[in-house]
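[1] The following block contains a protein sequence and its predicted model.
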Number of protein chains: 2
Amino acid sequence: MKINMSHGSGGKASAELMKDIFGKYFSNEVLNKMEDAAVLELSGRIAYSTDSFVVTPVIFKGGDIGKLCVCGTVNDLLMMGAEPKYITAGFILEEGLEISELDQIVASMAKTAKEAGVQIVAGDTKVVEGKGGLYINTSGIGIIPKGRNISAANCREGDLVLLSGNLGDHHACILSARMGIENNIKSDCACLNSIVKSLFDNGIAVKTMRDVTRGGLGTVLNEIAEASQCSIEIREEALPVNPEVKGFCDILGLDPLYMGNEGKMITVVSSADAERALKLIKDTPHGKDAAIIAKVSAGKGVMMKTRLGGSRIVDVLYGEGLPRIC
Amino acid sequence: MKINMSHGSGGKASAELMKDIFGKYFSNEVLNKMEDAAVLELSGRIAYSTDSFVVTPVIFKGGDIGKLCVCGTVNDLLMMGAEPKYITAGFILEEGLEISELDQIVASMAKTAKEAGVQIVAGDTKVVEGKGGLYINTSGIGIIPKGRNISAANCREGDLVLLSGNLGDHHACILSARMGIENNIKSDCACLNSIVKSLFDNGIAVKTMRDVTRGGLGTVLNEIAEASQCSIEIREEALPVNPEVKGFCDILGLDPLYMGNEGKMITVVSSADAERALKLIKDTPHGKDAAIIAKVSAGKGVMMKTRLGGSRIVDVLYGEGLPRIC
């Protein structure tokens, strides 16, 4: 069975798709009311974000677009110090999409949402012409506990930058799939709740957090340096990269500094907190390869101390990057 | 200048697009922080919704996809009795999209948001292969004032159903554009704030509100009848339809009952409130053709008293409807 235009009509076929696929996996008290909007009780400071997902292939080693879209929005909320609570899901389905594939993706969304502690409270489905693919938009709301003030503008001279693990896995995985290259590289796609929770539960005074997605570490650190009006100096030898990903990059001339990841974050803390924060991150399921990779100094821009002892400017990503990586 | 893959890289070209187009029109204190999520202060009951927009053509008589995506989400929040406050915008741009067209659409979003009193606080942009079109997802948050309890489940025997204006304008407009038919039919695309505000400000005890979009009036009334466990009886002669749209429908064999609208809503009130509510709606900019079109009775399903005095069952929309109408 495949998706056809009638599934986007708003009539009988739409209602059946709702019931048979979305209802089966997303059922909860709020969503089941089927009103025009979810009604929720909230109070205090919240984080609110949105992200669209267009990755192809839609199912890949280590994840799928369903897992990815929940992790992406959950991570965006976490990076502001928020506890993710509610998610919306907007589906744009291309005619010809296998309903069994949609079923698998929706099941994966539901599983990931449950693990990350978020509820899917509102949704929408449209159908367009195309080649049997799909796009998903997720938006999310999280609650920011009192006293937390995380921002890209908080870095100060002397602070240290921690990276939660290996660079480039998601990018290399998606590119391998597209090029038909057989290897063992898996996407790092993951929700980062456990890392963030561990840092706050243990009293680390986190200044800045960012997930390292499209544009890669080079771009993210430039954004932070600009927001904080400081310079960031990376130590090349400290950058963790999986050997198989490194080999893949060497052959294709890719730089892990600009490769997209979907389960990696940087955390900026004072030098006094850094070693303890590193140990906490390493003890979480998605942080075992964490490392202190850079320090914040006066000046502006991002520099890298190379393995050979030289120093070079690290700019933001120029050019195309990998299309449809997330 | 056209959109190309580099605009979706997350790097330099993405940042320039942000600044040159989105920054120009959407600039506000929250969005300008460019964090992973917007930080907002909220308290109480909120409405939270999402909707994706895939209409083609993207610019049509009476509106464009930018106006449509703001109105759609604003209206969803209004229908829950909420005061719309914040919007997110997720863009999926097809390679080849004219940047001047995107500029026009983004300007239209900003203008519509301003008129509707909502702030665009977070966004995202992706680029995919395609034919130079675009999709937009919007999500929204509104505050529900204390004491308001609007739901599709609130209708009771004896209540009356008010429709805010003519049926089928948006559907007929989009279909005319696609078929290359010259006429004066304009989309009814509009934010319905003024109608909802007038009803509440004047103490009408509104039970149910719904915007009449995809699937048409027939589908919406069936959803309400089911949620409220009641029957709804439409008077055919009371249904307002613009004469030019009626002519268009007659030629093509379309039924205004199942045609999509983008600036129409139904309101259910007790019979005691109905005449006063009707006058209030008629006095608003988007309500001059409003009419009392149906009454709620015991039983189930939706019936229509025809002009000839007969009675027929009105089911939900079967089949395709008009693809990519919203």
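    Looks like it came in fine. Predicted model only: the values in this text are computed from it and were never measured.

[2] Would you double-check that residue A:111 falls in a strand?
    No - counting by DSSP: H, G, I helix; E, B strand; the rest coil, residue A:111 is not part of a strand but helix.

[3] check contacts around it.
    residue A:67 (Cβ atoms under 8 Å, 6 or more residues apart in numbering or on different chains). Where you see a C-beta, it was placed from the backbone N, CA and C, and this is true even at glycine.

[4] And residue A:129, by the same measure?
    Here residue A:129 is in contact with A:94-95, B:323 (Cβ under 8 Å, 6+ apart).

[5] Show me the residues you listed that map onto strands.
    residue A:94 (DSSP state E).

[6] Just among the contacts of residue A:129, which is most surrounded?
    residue B:323 (20 neighbours; other Cβ atoms under 10 Å in any protein chain shown).

[7] so what's it closest to, chain neighbours aside?
    The shortest distance from residue B:323 to any non-neighbouring residue, by Cβ to Cβ, 6 or more residues apart in numbering or on different chains, is to residue A:5 (4.6 Å).

[8] Which strand or helix spans the residue nearest in space to the middle of chain A?
    The residue lying closest to the centre of chain A (Cα atoms, centre = their mean) is residue A:72, at 3.5 Å. Secondary structure from DSSP states H and E places residue A:72 in helix A:65-78.

[9] go on, residue A:279?
    helix A:271-282.

[10] Report the buried residues of that helix.
    A:273-274, A:277-278, A:280-282 (16 or more other Cβ atoms under 10 Å in any protein chain shown).

[11] One more: stretch A:314-326?
    A:314, A:316-317, A:321-326.

[12] Flag whichever of these scores worst on pLDDT.
    Lowest in pLDDT among the buried residues of stretch A:314-326 is residue A:321, which has 85.

[13] Is it in a helix, a strand, or coil?
    coil.

[14] could you dump stretch A:157-175 to CSV, C-alpha only?
    Only the C-alpha atoms of stretch A:157-175 are listed here, as CSV (Å, rounded to 0.1, in the frame of the first residue of the first chain):
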residue,chain,number,x,y,z
GLU,A,157,38.6,34.1,28.4
GLY,A,158,40.0,31.0,30.0
ASP,A,159,36.9,28.9,29.6
LEU,A,160,37.3,25.4,28.1
VAL,A,161,35.3,23.7,25.3
LEU,A,162,34.3,20.1,25.7
LEU,A,163,33.1,18.0,22.7
SER,A,164,30.9,15.0,23.6
GLY,A,165,32.4,12.5,21.1
ASN,A,166,33.6,11.6,17.6
LEU,A,167,33.1,14.0,14.7
GLY,A,168,31.6,13.2,11.4
ASP,A,169,29.8,9.9,11.9
HIS,A,170,26.3,11.0,10.7
HIS,A,171,27.7,12.8,7.7
ALA,A,172,30.0,9.8,6.7
CYS,A,173,27.1,7.4,7.2
ILE,A,174,24.6,9.4,5.0
LEU,A,175,27.3,9.9,2.3
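
[15] Of the contacts of residue A:129, just say which sits nearest to residue B:23.
    residue A:94 (31.2 Å; Cβ to Cβ).

[16] Could you list which residues are in contact with that closest one?
    A:3, A:127-134.

[17] Is it possible to mark the buried ones in the residues you listed?
    A:3, A:127-128, A:130, A:133-134.

[18] restrict those residues to those near chain B?
    Near chain B, judged by Cβ under 8 Å from any Cβ of the partner chain, the entries from the buried ones among the contacts of residue A:94 are A:127-128.

[19] In strands only, show me the buried ones among the contacts of residue A:94.
    A:127-128, A:134.

[20] who's in contact with residue A:169?
    So residue A:169 contacts A:62, A:185-188, A:242, A:245, A:261, A:263 (Cβ under 8 Å, 6+ apart).

[21] Output those in JSON lines, with pLDDT appended to each entry.
    Output for the contacts of residue A:169, formatted as JSON lines (pLDDT from 0 to 100):
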{"residue": "A:62", "pLDDT": "97"}
{"residue": "A:185", "pLDDT": "98"}
{"residue": "A:186", "pLDDT": "98"}
{"residue": "A:187", "pLDDT": "98"}
{"residue": "A:188", "pLDDT": "98"}
{"residue": "A:242", "pLDDT": "98"}
{"residue": "A:245", "pLDDT": "98"}
{"residue": "A:261", "pLDDT": "98"}
{"residue": "A:263", "pLDDT": "98"}
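
[22] Which one of those residues is nearest to residue A:56?
    Lowest distance from residue A:56 to those (Cβ to Cβ) belongs to residue A:187, with 13.0 Å.

[23] So what are the sheet partners of the longest strand belonging to chain A and their directions?
    When chain A is parsed with DSSP E, its longest strand is strand A:38-53. Strand A:38-53 has its sheet partners listed here by DSSP bridges as strand A:134-143 (antiparallel), strand B:38-53 (antiparallel).

[24] Show me what from the stretch 51-200 of chain A comes close to chain B.
    A:51-54, A:75-77, A:79-80, A:82, A:86, A:88-92, A:121-129, A:135, A:137, A:139-142, A:144, A:151-153.

[25] what ranges do the strands span in chain A?
    For chain A, strands defined by DSSP E occupy the ranges A:38-53, A:59-60, A:63-64, A:83-94, A:119-128, A:134-143, A:160-163, A:208-211, A:231-235, A:265-269, A:291-297, A:301-305, A:311-314.

[26] Return the most buried member of those.
    Comparing the strands of chain A by mean neighbour count (mean count of other Cβ atoms under 10 Å in any protein chain shown), strand A:134-143 ranks first with a mean of 28.

[27] now it, how far from the centre of its chain.
    Strand A:134-143 sits 11 Å away from the centroid of its parent chain (Cα atoms, centre = their mean, to the nearest Å).

[28] Do I have it right that residue A:65 meets residue A:105?
    Yes - Residue A:65 lies in contact with residue A:105 (Cβ atoms under 8 Å); the separation is 5.9 Å.

[29] Common neighbours of those two, please.
    Any residue near both residue A:65 and residue A:105 by Cβ under 8 Å, 6+ apart counts here, and that gives A:58-59, A:134, A:136.

[30] Now distance to residue B:224 and pLDDT too, for those residues, in CSV please.
    Shown next, in CSV, are the shared contacts of residue A:65 and residue A:105 (distance: Cβ to Cβ, whole Å; pLDDT from 0 to 100):
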residue, distance to residue B:224, pLDDT
A:58, 36, 98
A:59, 38, 98
A:134, 30, 98
A:136, 29, 98
